[in-house]
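Novice: I would like to see how this sequence folds:
(chains A and B)
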Protein chains: 2
Amino acid sequence: MKVLHSIAEIRQEVKSLRKQRSLDNHEATVGLVPTMGFLHEGHASLMRKAREISDIVVISIFVNPIQFGPNEDFERYPRDEQRDLALAEKEGVDIVFLPTVDVMYPSPTKTHVSVAELTDTLCGASRPGHFDGVSTVVTKLFNIVKPDHAFFGAKDAQQVAVIRQMVDDLNMDIEIVPCPIIREEDGLALSSRNVYLSEEERTQALVLSRSLRLAREEISSNPQMTAGQVRALLRREIGTSSIAVIDYAEILSFPQLEVLAEDTVLQQLNGEVIMALAVKFGPTRLIDNVIMETKGVSLHV
Amino acid sequence: MKVLHSIAEIRQEVKSLRKQRSLDNHEATVGLVPTMGFLHEGHASLMRKAREISDIVVISIFVNPIQFGPNEDFERYPRDEQRDLALAEKEGVDIVFLPTVDVMYPSPTKTHVSVAELTDTLCGASRPGHFDGVSTVVTKLFNIVKPDHAFFGAKDAQQVAVIRQMVDDLNMDIEIVPCPIIREEDGLALSSRNVYLSEEERTQALVLSRSLRLAREEISSNPQMTAGQVRALLRREIGTSSIAVIDYAEILSFPQLEVLAEDTVLQQLNGEVIMALAVKFGPTRLIDNVIMETKGVSLHV
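Specialist: Predicted coordinates:
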């Protein structure tokens, strides 16, 4: 495994590995797992997926300043380079791209990539500029590494929707591979930010996965449930935690991310919906979601 | 020369030509000349430059709706496919990419690439959204064709500055090659829009190149000239045309495109300046510019 810091090095190494691993009738493919480091089992699952479908696996570790708001946790975002490299090595990663901020932004970027509409809701509404920062840095990483596949965790479901839209709109020749949320045994979705939680907050945070599970069961057993009822159920359940402060508890179409009207009967929809939560426990904001198929029922008129 | 309409075809053909023309120790390079068609000698000079430094020459012909404002000339922009193809063939182009609007925008794009600051002045100020449309479509074309070099005419000097900034900021692995303005014998800069001009307007439009030439001569012979004096000179000279309506007549640093303060003494600047004009003759808006080196003079204090 090579750990490279400059753009010139990474381009050179990807090119040379592509050549090495290509056969006459098969051009070696490159899979990219973009991360902000402090890697956990969720990231490991992305690397394993990449190892499975790409000939060359590249991960990037970069805490991207331009996707953090002025009052967010850029400075204190957890970092542990040595542990990250050991985990990447163990997962059979070929190249780790570990740039400094100066390498990625030698001067402040004047150029931004923005995806409209999909970013109006959820984290896009709560974190102005966040997704512009994400789509801009992901575009940069794509242009540096030139992957054939890129792997993203479904925990950041809006991010997946935004990146997919960007790739489609801008004709990027890259397949986006979303991978399922990885959870602790008790249901807590893995996140680098879980390290911020006190023991008490960690216990209370279980309300996220519990409320989503409950809502999913309710929807499955009650075909007439409306979007408004789902929202009420989520809020009621999260309200059982004394310290939880809801940023949003939403149900939307997926991947369009259109907010469903209160009286929408879910089982009359065709396609997928997402139930998405952002909730603060003390100073720490956690997100979680469930994406589920809704089956169109025939309407008797 | 192949004329291709779909993205899949163009990708396939570029790939296959790259393979064909690569040698063991040299990977064939691709040069892209993005155009809006109605090709003239200016475009031909870009194709010749591309032929000179790239192994494979691709031109795109696409009148991009999203770079036109609602009251601009998208609908009546001149088109002549047969003549364009004959000219491209004559210049030794390998592939012409000729997509429809539906191919480029199967649904309205939600994603835009924007370059800040450089687009605040000149055509960016006069044509809101224009450069977002340009940088977005150029990004798409780059992702479709994957060129090593891309060729742009210096007549659209702000466009060149914007595209270069975008390529740098987004780490696109593409060399931008600007090519000099091509002029008629009497000085008129070539433009597809010249076809709009009546005989009288065509004569009056010579004031553009004449005023730029005059200003350049004045700056060269008068080391103490200020930016304000240059602007006055340009406006006075353009004013000799009875029908010219000035949109802008500016002098700025290049390629930063920072407007120079009125009392800036040009010869005390290091680097390049651009004198840029946008002037309407009847309904037709024409642009022209001159970029020149200013030499720092030693200050006697």
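Novice: ok, and the closest non-adjacent residue to residue A:50?
Specialist: Take residue A:50 and drop its neighbours on the chain: the residue closest to it by Cβ to Cβ, 6 or more residues apart in numbering or on different chains is residue A:31, 3.6 Å away. Every residue, glycine included, has its C-beta placed from N, CA and C.
Novice: burial of that neighbour, as a residue count?
Specialist: Taking other Cβ atoms under 10 Å in any protein chain shown as the criterion, the count of residues near residue A:31 is 27.
Novice: State the distance from residue A:58 to residue A:1.
Specialist: For residue A:58, the distance to residue A:1 under the criterion Cβ to Cβ, to the nearest Å works out to 10 Å.
Novice: more neighbours, the two?
Specialist: Each of residue A:58 and residue A:1 had its neighbours counted (other Cβ under 10 Å), and the higher figure belongs to residue A:58 (29 against 14).
Novice: OK, contacts around that one?
Specialist: Counting by Cβ atoms under 8 Å, 6 or more residues apart in numbering or on different chains, residue A:58 makes contact with A:10, A:14, A:30-33, A:93-97, A:145, A:147.
Novice: Try it again at 6 Å.
Specialist: Residues in contact with residue A:58, defined by Cβ atoms under 6 Å, 6 or more residues apart in numbering or on different chains, are A:32, A:95, A:145.
Novice: Which ones among the residues you listed map onto helices?
Specialist: residue A:145 (DSSP state H).
Novice: Any chance of a markdown table for the contacts of residue A:58, columns neighbour count?
Specialist: Output for the contacts of residue A:58, formatted as a markdown table (neighbours: other Cβ atoms under 10 Å in any protein chain shown):
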| residue | neighbour count |
| --- | --- |
| A:32 | 29 |
| A:95 | 23 |
| A:145 | 26 |
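Novice: Can you redo the contacts of residue A:58 as a markdown table, where the extra columns are pLDDT?
Specialist: Conversion of the contacts of residue A:58 to a markdown table gives the following (pLDDT from 0 to 100):
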| residue | pLDDT |
| --- | --- |
| A:32 | 98 |
| A:95 | 98 |
| A:145 | 98 |
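Novice: and which of the contacts of residue A:58 is nearest residue A:279?
Specialist: residue A:32 (30.5 Å; Cβ to Cβ).
Novice: Quick one: name the residues of chain A near chain B.
Specialist: Taking Cβ under 6 Å from any Cβ of the partner chain as the criterion, chain A approaches chain B at residues A:109-117, A:139-140, A:143-144, A:165-166, A:169-172.
Novice: hmm, which of these are the buried ones?
Specialist: Of all those considered here, the ones buried according to neighbour count by 16 or more other Cβ atoms under 10 Å in any protein chain shown are A:109-115, A:139-140, A:143-144, A:165-166, A:169-172.
Novice: In chain A, mark out all the helices, start to finish.
Specialist: In chain A, helices defined by DSSP H lie at A:7-21, A:41-53, A:81-90, A:101-104, A:122-126, A:130-145, A:157-169, A:199-204, A:206-221, A:227-238, listed in chain order.
Novice: Select, out of these, the one closest to residue B:180.
Specialist: Of all the helices of chain A, helix A:130-145 sits nearest to residue B:180, with 28.4 Å by Cβ to Cβ.
Novice: Give me the angle between the closest one and helix A:157-169.
Specialist: Counting by axes from the mean of the first three to the mean of the last three Cα atoms, to 10 degrees, helix A:130-145 lies at 50 degrees to helix A:157-169.
Novice: Please tell me how far helix A:130-145 is from the chain's geometric centre.
Specialist: Once both centres are worked out by Cα atoms, centre = their mean, to the nearest Å, helix A:130-145 turns out to sit 13 Å from its chain's centre.
Novice: what number of residues lie near residue A:119?
Specialist: Using other Cβ under 10 Å, residue A:119 has 26 other residues around it.
Novice: Ignore what I typed, I meant residue A:68.
Specialist: Other residues near residue A:68 number 17, with proximity taken as other Cβ under 10 Å.
Novice: For it, which non-adjacent residue is spatially closest?
Specialist: Distance criterion Cβ to Cβ, 6+ apart; nearest residue to residue A:68, sequence neighbours excluded, is residue A:74 at 3.8 Å.
Novice: Next one: the one you found relative to residue A:65, how far apart?
Specialist: Residue A:74 is 5 Å from residue A:65, where distance means Cβ to Cβ.
Novice: And residue A:42, by the same measure?
Specialist: Between residue A:42 and residue A:65 the distance is 22 Å, computed by Cβ to Cβ.
Novice: Who has more neighbours out of these two?
Specialist: Taking residue A:42 and residue A:65 together and counting by other Cβ under 10 Å, residue A:42 has the greater number of neighbours (21 against 15).
Novice: pretty sure the residue nearest to residue A:50 is touching residue A:49, no?
Specialist: No: under the criterion of Cβ atoms under 6 Å, residue A:31 makes no contact with residue A:49, lying 8.0 Å away.
Novice: Show the pLDDT at the residue nearest to residue A:186 when sequence neighbours are not counted.
Specialist: Distance criterion Cβ to Cβ, 6+ apart; nearest residue to residue A:186, sequence neighbours excluded, is residue A:206 at 5.9 Å. Per-residue confidence for residue A:206 comes out at a pLDDT of 98.
Novice: Number of residues surrounding residue A:206?
Specialist: 14.
Novice: what's the spacing between it and residue B:134?
Specialist: Here residue A:206 is placed at a distance of 50 Å from residue B:134 (Cβ to Cβ).
Novice: Domain map for chain A?
Specialist: Described in terms of automatic domain parsing, the domain architecture of chain A consists of the residue ranges A:2-179, A:192-293.
Novice: Could you export those as JSON lines, including distance to residue B:126?
Specialist: Below are the domains of chain A laid out as JSON lines (distance: least, Cβ to Cβ, whole Å):
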{"stretch": "domain A:2-179", "distance to residue B:126": "20"}
{"stretch": "domain A:192-293", "distance to residue B:126": "35"}
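Novice: neighbours of residue A:53, just the number please.
Specialist: Using other Cβ under 10 Å, residue A:53 is surrounded by 14 other residues.
Novice: Identify the residue spatially nearest to it, adjacent ones excluded.
Specialist: Sequence neighbours aside, residue A:149 is the residue nearest to residue A:53 in space, at 6.2 Å (criterion: Cβ to Cβ, 6+ apart).
Novice: partners of that neighbour in the sheet?
Specialist: Taking DSSP bridges, one finds residue A:31, residue A:175 as the beta-bridge partners of residue A:149.
Novice: And the pLDDT at the spatially most central residue of chain A?
Specialist: Note on chain A: the residue nearest the mean C-alpha position is residue A:156, at 2.7 Å, using Cα atoms, centre = their mean. At residue A:156 the predicted local distance difference test score is 97.
Novice: Next: residue A:299.
Specialist: The score at residue A:299 is 43. That number is its pLDDT.
Novice: Now the stretch 201-301 of chain A against chain B: closest residue?
Specialist: Across the stretch 201-301 of chain A, the shortest distance to chain B (Cβ to the nearest Cβ) belongs to residue A:256, at 10.4 Å.
Novice: which residues touch that residue?
Specialist: The neighbours of residue A:256, taking Cβ under 6 Å, 6+ apart as the test, come to nothing; the list is empty.
Novice: Thanks a lot, see you next time.
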